[in-house]
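1. Show me the folded form of this:
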Amino acid sequence: MAHHLRLSISPIRRPDPAHLATPPSHDLFSPFGQLDGLDATDFREAAYEVFFTACRSSPGFGGRSVAAHLGSLDEGGESNGSSFGSSLGSSVKPPGVGMAVTSRVKRALGLKMVRKPGAGRRTSSCGVNPSSPSASGAMSPRVGSTLPGAGRLRRPMTSAEIMRQQMRVTEQSDNRLRKTLMRTLVGQMGRRAETIILPLELLRHLKPSEFIDPQEYHQWQRRQLKILEIGLLLHPSIPLDKSDTSAVKLRQIIQASEAKVIDTGKNSETMRALCNCVVSLSWRSPDGGTTDICHWADGYPLNVEIYNALLHSVFDAKDETLVLDEVDELLELMKKTWSMLGINRPIHNLCFTWVLFEQYVVTGQVEPDLLAASLTMLTEVANDAKKVDREPVYVKMVACVLTAMKQWCEKRLLDYHANFDKGTVVLMENILPLLFSTSKILEDDVPCYVTSPQDNGEVVDEPSGNQIDHYIRSSSRNAFAKMLEDQNANVTANGETQKVSEVLMRMARETEELASKEKDIFSPVLKKWHPLAVGVSAVTLHTCYGALLKQYLTGMSPVINETILVLQRAGKLEKALVQMVIEDSVDCEDGGKSVSREMVPYEVEMIILKLLKQWIQERLKTGKEILLRSKETETWNPKSKTEPYAHSAAELVRFSQEAVENFFDIPVNVSENLVYDLTDGLEHFFGDYIKFLASCGSKQSYLPTLPPLTRCSRDSKFLKLWKRAACSVGMDAPSQNTAAEKNHPRPSTSRGTQRLYIRLNTLHYLLSQLHYLDKTLSLSPKVTPPKSRFGNRRQLGSSYFEHSRSAIQSACQHVSEVAAYRLIFLDSNSVFYGSLYIADVANARIRPALRTLKQNLTLLCAIVTERAQPLALKELMKASFEAYLMVLLAGGSSRIFSRLDHPMIEEDFDNLKRVFCTCGEGLIGEDEVAREAETVEGVVALMGQSTEQLVEDFSIVACEASGMGVVGAGQKLPMPPTTGRWNRSDPNTILRVLCHRNDRGANNFLKRTFQLAKRSGSA
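-> Residues are numbered from 1 along each chain as shown. Take a look at the predicted model:
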């Protein structure tokens, strides 16, 4: 089973070339980090320099002549070398460059030979240039004479020639390197390569004249110095003290070289300092003692980058998917660089594994033999990783390399639907063993490897079955997302406007096809590692489409019929996917219950109910917008003469009626609870709008401020001035004004008051429309009654908008009251509270105010609808009566009364009552007028009582109100508080009558009892 995976080398299946797509872009990055300032070309040139230096004594590199070497070939010399350890055969060193007919390395790695057996080595033309290393060794002048017919005969290429060709080294660069080594090793031919600081020697012996131009020399010099900087300063193999003077000086020299070429002549101080610094830093040892090896190129990762550049030379330059047949002897020669670069067998095995894998990737993944070879090398890496004497840097390298390989494999498998198809699914079958091999090594042998998921999406290292489960789910999700993206791209490219429901139905069909493709193509491979591969993919696709369906339902259009079609197609898809899960689970122990439990049903029937609720919410959202817009734009002007209510109310009512009609147009029966969901929302809007209608202030804002209590005086200067003014003007002026007003009566109702009347009309309009909506809802045959009588929220005969009806009644009362007080105390102030009984009752009677009041009543009845008129008139009557009371009790210093004024005041009030009794056709009954007038009549009666009687009554009620009982000797009557609820038994009311009484007794009583001040202007 997949949970008991045993790592083994499976045979690699080769994909059909006809099915290979265009090679994917290279997305593999080096696991060894980035060394700034050097690129692949720099590392390749440096690698060739190191390689040539290490192999200089080998045949073809200058240590033996080519002729002697060819003689050895004629004697039948053959290379049997191997760069592998004991697990892949013993390593036999060849005696030089041999005739590589077969390759043990390629045979062990399962790589095919480039040429047929017996074809021999690569060959090269002889005699082209006797001085060229491609024609002979630098120390072999006999080649031209021993091989006549220059340019016609061909001979086997030496390893030096192969390496130079493979690493794309120019003849000029090769000559410069050979000259440098000749100059360096004069008299020291036996000097070991690891004692040579190659970049320093190159800088010392090569001059600018040996390069094409100064710029080429400068670039070359900067490369050599950059290698020294990385190997000695940035990544030394032996830790460096930051305060080391040689390091500081070297860093300064390197920085200076960035701007201009440094002088490398014999007499150059800079060159002398450079040599001293480099030698000092290179010949350090870990313990501070002496050493026989210089350390300039063995620091990680510089050594690995150089060595990897060498390893890349084993791939055929003409076809980079093939490994050279001469790989055995090339690898054997590369071993000579190990001491210089600090490479050992485990590091070599790891680097070779990476290079094989990297070559497979960068060549477009068309050669599975390279992947197989990399997998074979992993067995060597696994053996090396288990050794107890591993170096820390090696453990770090193993973690980096295998993690990079693992992540690349995972990236392909996480989206295998896009990376593989029917023709290339074999590649997927090859990648899986490599992935599990790297995972096992990382888990078992790399202590620093973290097995928890990372933020970058790395897969949790679990048993292979669980990893495959993750890959199936991830790839299925990605494939589904790609289908959806293609659908959107097609719509955009064609410029067509397609309904979302159509896209959803096509997605359902394509999802079903994708599930079938998974079952036929990928599941046969994945079932080797996961027993429920088909089921996992089906569950994932079910979840993906469910999420898309949910998204559609969240933002769908209000067209329910389209949504029903989508739900039906989704139901068909769900049945197909469930059937796949059932068929795939036949052989499972739990019958696939663990997988099927993940399939959250689409619940089509339940969704229809949710859709109805969502439709209601969308409509209510629209209604909220209409309500807010209505509030912002409402001016309280009537819609028309025949529709004397606000525009905003008409919009709100029209929206509500359309909502109810459209709700019942949906081709399904609806429950009583759903009806309440709709009506509750509508009622909320109506309630909010009613509050908006009623937000017109209060009557208190129009009531005048009560003046302070003062006492009258018969010798008041104000009275004298008033009488003198009356004599000079003539007492007939008021009567003339009265005649003019009688002939041309005008109402005093302001625009603000008229807008209040429109508010009142709007409230009654809403009340009538709520009745219509109630009737529509109650009589609809599509409303399904609740199954239980306890679930019925609405009692028989009750309204769906009971709260709104109640709120309208309260709002009508409030608006009528505010309109009435505004009309009386603001609009009619000049003829009522502002002028009635000013200074003298006889000359300031109520008749002018009544004429204006009648005109206002006529205008009110013309604006306010019939149903709203009774309440409006009643509130106007109350406001008029209160204004009359305030004239009598809180008229200020301009009003004084005597007992003789009582008949005129009583007559004026009777006339005021008569106006409301005769207004309209019985809008206000006489009994109702009489009830409202009782309080005013009681106060008028007080004005007819004698001062002595008023004082006596006041003393009694004031003592009773304060709880004093009878006033004793030395006690004073308490000042009664102003309550505003005036009546004939209220002590404050009686006190105010006394304050306005114009006689000596009242004046003395108020002065003696409360020390009230005289009115302003009194003598």
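
2. average pLDDT across stretch 850-863?
-> Averaged across stretch 850-863, the pLDDT comes to 92.

3. oh, and call the first residue 26 from now on, that's how I've got it
-> That works, and once the first residue is 26, the last one we named lands at stretch 875-888.

4. Give me the residues contacting that stretch.
-> Outside stretch 875-888, the residues that touch it by CB atoms under 8 Å, 6 or more residues apart in numbering are 669, 766-767, 770-774, 779, 782-783, 786, 848, 852-853, 856-857, 894, 897-898, 901, 905, 936-937, 940, 944-945. Using the backbone N, CA and C atoms, a C-beta is placed for each residue, glycine as well.

5. Just the CA trace of it, in PDB.
-> Output in PDB follows, covering the C-alpha atoms of stretch 875-888 (Å, rounded to 0.1, in the frame of the first residue of the first chain):
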ATOM      1  CA  LEU A 875     -61.000  85.800  14.300                       C
ATOM      2  CA  ARG A 876     -61.200  87.000  10.800                       C
ATOM      3  CA  THR A 877     -57.600  85.900  10.100                       C
ATOM      4  CA  LEU A 878     -58.300  82.600  11.800                       C
ATOM      5  CA  LYS A 879     -61.300  81.900   9.600                       C
ATOM      6  CA  GLN A 880     -59.200  82.500   6.500                       C
ATOM      7  CA  ASN A 881     -56.600  80.200   7.800                       C
ATOM      8  CA  LEU A 882     -59.200  77.600   8.500                       C
ATOM      9  CA  THR A 883     -60.500  77.900   4.900                       C
ATOM     10  CA  LEU A 884     -56.900  77.400   3.600                       C
ATOM     11  CA  LEU A 885     -56.400  74.400   5.900                       C
ATOM     12  CA  CYS A 886     -59.500  72.700   4.600                       C
ATOM     13  CA  ALA A 887     -58.400  73.400   1.000                       C
ATOM     14  CA  ILE A 888     -55.000  71.800   1.500                       C
END
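
6. ok but Asn881 is inside a helix, no?
-> Yes. Assessed by DSSP: H, G, I helix; E, B strand; the rest coil, Asn881 belongs to a helix.

7. From Ala424, how far off is it?
-> 96 Å (CB to CB, to the nearest Å).

8. which stretches of the stretch 926-1044 of the chain form helices?
-> Remark: helices assigned in the stretch 926-1044 of the chain by DSSP state H, counting those that start in this stretch are 927-942, 951-968, 972-987, 1012-1020, 1025-1035.

9. highest average neighbour count across these?
-> Stretch with highest mean neighbour count among the helices of the stretch 926-1044 of the chain: helix 1012-1020 (a mean of 24; mean count of other CB atoms under 10 Å).

10. who's in contact with it?
-> Helix 1012-1020 is contacted by residues 734-737, 913-915, 922, 964, 967-968, 972, 975-976, 978-979, 982-983, 986, 1001-1004, 1007-1009, 1027, 1030-1031, 1037 when judged by CB under 8 Å, 6+ apart.

11. what does stretch 796-809 give?
-> Residues contacting stretch 796-809 (CB under 8 Å, 6+ apart): 681-682, 685-686, 689, 693-697, 700, 704, 707, 824-826.

12. Narrow those residues to those that are buried.
-> 681, 685, 695-697, 700, 704, 707, 824-826 (16 or more other CB atoms under 10 Å).

13. Out of these, which sit inside helices?
-> Among these, the members found in helices (DSSP state H) are 681, 685, 697, 700, 704, 707.

14. Secondary structure element holding the residue nearest to the second one when sequence neighbours are not counted?
-> Beyond its immediate neighbours in the sequence, the residue positioned closest to Val685 (CB to CB, 6 or more residues apart in numbering) is Thr801, lying 5.7 Å away. Secondary structure assignment for Thr801, by DSSP states H and E: helix 776-804.

15. the bottom helix or strand of the protein by mean pLDDT?
-> Using mean pLDDT, DSSP states H and E, the weakest-scoring helix or strand in the chain turns out to be helix 168-171, at a mean of 34.

16. Give me the neighbour count for Asp67.
-> Residues near Asp67, counting by other CB atoms under 10 Å, number 21.
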